[in-house]
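Participant: Here is my input, please return the structure:
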Amino acid sequence: MYLAFAPFGKDFLITAINVDEKTKHHLADLGIIIGETITPIIDQNGSMILKVKESRLAISKTLALRIQGN
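Facilitator: Numbering: from 1, shown residues only. Just a heads-up that it's a prediction; the model follows:
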């Protein structure tokens with residue numbers, strides 16, 4: 001399942017990230033890596049607010065369509 005379609009408030013285990021290396025490194029700096037569990041919190045104006053570890057951050061729905069997990 002893609003992160004863009006994940007239910008809000010439920011843990012999401014990242015299994016694949018289908019982006020270029022530069023974006024993958026940027027996501028890793030934010031804590032979004034394969035094997036990490038994140039939680040989608042809300043959809044806001046075309047962006048998704050995520051809980052990553054003890055932080056909250058926003059990513060675009062386009063980027064969320066490139067992150068897979070369960």
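Participant: use CA for all of it now, contacts and neighbours both
Facilitator: Fine.
Participant: List the neighbouring strands of the longest strand along the chain plus their orientation.
Facilitator: Determined from DSSP state E, the single longest strand within the chain is strand 37-44. Note on strand 37-44: by DSSP bridges, its sheet partners are strand 12-17 (antiparallel), strand 47-52 (antiparallel).
Participant: Show me what secondary structure element comes after the last one.
Facilitator: When you say that, I think you mean strand 47-52. Using DSSP states H and E, the helix or strand that follows strand 47-52 in sequence is strand 55-60.
Participant: same question, the first one
Facilitator: Beyond strand 12-17 in the direction of the C-terminus, DSSP H and E gives the next helix or strand as helix 21-30.
Participant: Now tell me what touches that next one from outside.
Facilitator: Residues from elsewhere that reach helix 21-30 (Cα atoms under 8 Å, 6 or more residues apart in numbering): 17, 33, 52.
Participant: how about a cut-off of 7 Å?
Facilitator: residue 33 (Cα atoms under 7 Å, 6 or more residues apart in numbering).
Participant: thinking again about what came up before, would you mind giving the strands paired with strand 37-44 as CSV with mean neighbour count and mean pLDDT added?
Facilitator: Conversion of the strands paired with strand 37-44 to CSV gives the following (neighbours: other Cα atoms under 10 Å; pLDDT from 0 to 100):
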stretch, mean neighbour count, mean pLDDT
strand 12-17, 18, 98
strand 47-52, 19, 97
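Participant: Take those strands and write them to TSV, including distance to residue 23.
Facilitator: Listed next are these as TSV, based on distance: least, Cα to Cα, whole Å:
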stretch	distance to residue 23
strand 12-17	10
strand 47-52	17
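Participant: I'd like to know which of the ones you listed lies nearest to residue 60.
Facilitator: Nearest of the strands paired with strand 37-44 to residue 60, taken as Cα to Cα: strand 47-52 at 4.4 Å.
Participant: Thank you kindly, that will do.
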